[in-house]
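how would this look folded up:
(one chain, ligands or ions: 1)
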Amino acid sequence: MSTEDLLDQINKGILELNSNKVKALIREAIGQGIDVISLINDGLTAGLRKLGERFERGEAFLPELLKGAQIVQSSVSELEVNINEKDAIQNKGTLMIGTVEGDIHDVGKNIVCTVISSAGYRVIDLGVNVPTERFVEKVRAEKPDLLGLSALLTTTMINQRRVIDALEAEGLRKGLKVILGGAPVSQSWAKQVGADAYAEDAFSALRKVEDLMGSK
Ligand code: B12
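Below you'll find the model as predicted:
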């Protein structure tokens, strides 16, 4: 199968919620030496986004979104090994990350964790639905180099601003680089709320993290 057909079939496998099919295709893709970045972005993530569009049109329901998310999550965990083997160089800095309060989406955040840690950074994952005060408390205790804030809902993006404002108020913003992400987030939002960077996917997140660490 060509790379294009394989990625297309992975998309379809996710829409069909057929985890065995997706796993078999991923194995085939790895065997063919298809780029991990493309597998995650154009195969797995794109498939899940298409499922989200079906949900928006009333053609798919929450349990289906959840199952789709689980398939993507477990496929990425299997890929982790491959990324690790390729790029591991340890201890380049520490990224603390979490999904903001009111938001339980974590597939994208977890992919960011996988990619960043595979590139040699220490990642402290605070999980989902993280209250603003907890971000502040953990930044004070752990002193990470970078803080990543994920938000997938237009209603929870505002909590990215709240975390940044709270860090500022507590005198913890200086020296800490803040990077934002999540489907509704944009470069202009990041600028508006005083973040240092925005990344649209996990691999551009890695590039931004490398840039921010270089400018520290
Ligand atoms: C899977 C899913 C769910 C799953 C989540 C499971 C899980 N463990 O995460 C479940 C079923 C639980 C769910 C619940 C809900 N969902 Co939902 N969900 C989705 C869906 C289909 C996919 C999200 C996803 O995993 N995408 C794949 C990943 C890989 O992409 P990503 O998250 O964007 O992440 C990438 C980048 O954004 C970036 N990134 C992400 N985080 C970060 C962080 C940093 C620091 C950086 C740098 C980068 C970065 O890198 C990632 C990797 O490339 C989206 C559709 C969509 N278009 O996003 C809807 C979507 C986000 N959900 C939506 C809604 C409405 C809900 C619910 C409110 C539904 C309801 N009525 O209950 C609840 C909310 C629950 C809550 N309080 O959070 C809406 C949001 C609409 C809006 N405008 O706000 C969407 C857009 C669907 C839609 N089109 O209507 N959902």
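
need the residues of the chain near the ligand, please.
45, 48-49, 51-52, 55-56, 62, 65-66, 69, 97, 102-109, 111-112, 148-150, 152-154, 179-184, 199, 201-202, 205 (CB under 6 Å from any ligand atom). C-betas here are computed from N, CA, C, even on glycine.

can you select the buried ones from the residues you listed in PyMOL?
Applying 16 or more other CB atoms under 10 Å to these, the buried members can be selected in PyMOL as follows:
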select buried, resi 45+48+51+52+65+69+97+103+105+106+107+108+109+111+112+148+149+150+152+153+179+180+181+182+199+201+202+205
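
dump the residue contacts of Met213.
Going by CB atoms under 8 Å, 6 or more residues apart in numbering, Met213 touches 92-93, 145-146, 177.

please read the previous query as pertaining to Leu147.
Neighbours of Leu147 in contact, by CB under 8 Å, 6+ apart: 95-97, 135, 139, 163, 167, 176-179.

about what we covered before: now, the residues of the chain next to the ligand that are in helices?
48-49, 51-52, 55-56, 62, 65-66, 69, 107-109, 111-112, 202, 205 (DSSP state H).

give the buried residues for stretch 125-140.
So stretch 125-140, judged by 16+ other CB under 10 Å, has buried residues 125-126, 128-132, 135-136, 138-139.

between those, which is closest to Ser19?
Val128 (22.1 Å; CB to CB).

please, where are all the strands along the protein?
94-99, 122-125, 146-150, 177-181, 197-198 (DSSP state E).

could these go into CSV alongside mean pLDDT?
Shown next, in CSV, are these (pLDDT from 0 to 100):
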stretch, mean pLDDT
strand 94-99, 98
strand 122-125, 95
strand 146-150, 98
strand 177-181, 98
strand 197-198, 98
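
export the ones you listed to a markdown table and tack on distance to Lys12?
Putting the strands of the chain into a markdown table (distance: least, CB to CB, whole Å) gives the following:
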| stretch | distance to Lys12 |
| --- | --- |
| strand 94-99 | 28 |
| strand 122-125 | 31 |
| strand 146-150 | 27 |
| strand 177-181 | 27 |
| strand 197-198 | 31 |
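
quick one: which of the contacts of Leu147 is nearest the ligand?
The shortest approach to the ligand among these belongs to Ile179, at 4.7 Å (CB to the nearest ligand atom).

next one: the closest one from Leu95, what distance?
Per CB to CB, to the nearest Å, Ile179 is found 8 Å from Leu95.

joint contacts of these two?
Common neighbours of Ile179 and Leu95 (CB under 8 Å, 6+ apart) are 146-148, 209.

most widely separated two among those residues?
Taking CB to CB, no two of the shared contacts of Ile179 and Leu95 sit farther apart than Leu147 and Val209, at 11.1 Å.

between those two, which contacts overlap?
Counting by CB under 8 Å, 6+ apart, the contacts common to Leu147 and Val209 are 95, 179.

show me what contacts the closest residue to Glu133 other than its chain neighbours?
Spatial nearest neighbour of Glu133, excluding adjacent residues (CB to CB, 6 or more residues apart in numbering): Ala166 at 7.4 Å. Contact analysis of Ala166 by CB under 8 Å, 6+ apart lists 132-133, 135-136.

number of residues surrounding Asn91?
A count of nearby residues for Asn91, using other CB atoms under 10 Å, gives 8.

pretty sure it is touching Gly120, no?
Yes - look at Asn91 against Gly120 with CB atoms under 8 Å: they come within range, at 6.6 Å.
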